[in-house]
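Asks: structure for this input, please:
(chains A and B)
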Amino acid sequence: GAVVSQHPSRVICKSGTSVKIECRSLDFQATTMFWYRQFPKQSLMLMATSNEGSKATYEQGVEKDKFLINHASLTLSTLTVTSAHPEDSSFYICSARGSRDRGNSPLHFGNGTRLTVT
Amino acid sequence: GQNIDQPTEMTATEGAIVQINCTYQTSGFNGLFWYQQHAGEAPTFLSYNVLDGLEEKGRFSSFLSRSKGYSYLLLKELQMKDSASYLCAVLDNYGQNFVFGPGTRLSVLP
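Replies: Numbering: from 1, shown residues only, chains lettered A, B, ... in the order given. This is a model prediction of the structure:
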């Protein structure tokens, strides 16, 4: 149980375009979604936290107008990278916690999206 | 503030035992998790500690000392497939936010 599906797994886009990444919880209700970015040989950096039906909370230094997060339902959250630039090239990973998760419940991760901006 | 430290890289030999340390200073603590991450893949959960002591799960064990802000992951009978990054993560006071350490890249040599 607790499967998170993230799509696409890889995407290449041109500079200046926008890219949408979807994250779906397949068998549970994701009350909270976390979006991470990971550069090569570095750890996961939290970008934002979103709760279903409310605005996302962004970490310091993350531009909310550039990284649009929508969590409109209990099974879907999206991250849109707007006006992408080569420096946005990274590995983006979503994770979720459900209503039944307790303190000792690990995060349920999607498989990640490798974004390359040319 | 939030600060988690891990060694950047470690190397060990197949069949050996390796200990990966993690020290943390966070504004709150609701448990510490260890994850394994292979390159280009999502992290996978290994272990969880919230009370002091050792938790054993097969070849993997994890230890926690809350008073020292210290944890370690012990991997026994190393296999080549254990070559990966190992991340420790602390769950904060509100039980919502995970703070990840920088990760330790482990290379297992034949």
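Asks: could you tell me how many residues sit around residue 99?
Replies: Defaulting to chain A. 11 (other CB atoms under 10 Å in any protein chain shown). In short, each C-beta sits where N, CA and C put it, glycine included.
Asks: ah, I was thinking of chain B
Replies: The criterion is other CB under 10 Å. On that basis, residue B:99 has 20 neighbouring residues.
Asks: next one: residue B:61
Replies: Residue neighbour count, defined by other CB under 10 Å, stands at 19 for residue B:61.
Asks: what of residue B:28?
Replies: The criterion is other CB under 10 Å. On that basis, residue B:28 has 13 neighbouring residues.
Asks: doesn't residue B:98 make contact with it?
Replies: No - here residue B:28 lies out of contact with residue B:98, judged by CB atoms under 8 Å, at a distance of 11.9 Å.
Asks: where in the chain is pLDDT low?
Replies: Since you didn't name a chain, this refers to chain A. A:1, A:103 (pLDDT under 70).
Asks: think we crossed wires, I meant chain B
Replies: By pLDDT under 70, the low-scoring segments of chain B are B:1, B:93-95.
Asks: find residues that contact each of residue B:28 and residue B:98.
Replies: Common neighbours of residue B:28 and residue B:98 are listed as residue B:92 (criterion: CB atoms under 8 Å, 6 or more residues apart in numbering or on different chains).
Asks: for the chain, just list every one of the strands.
Replies: No chain in the question, so chain A it is. Assigned by DSSP state E, the strands in chain A fall at A:4-7, A:10-13, A:19-25, A:30-38, A:45-51, A:57-58, A:67-73, A:76-81, A:90-98, A:108-109, A:113-117.
Asks: other chain: chain B
Replies: With DSSP E as the definition, chain B shows strands at residue ranges B:3-5, B:9-13, B:18-25, B:32-37, B:44-49, B:53-57, B:60-65, B:70-75, B:84-91, B:98-100, B:104-109.
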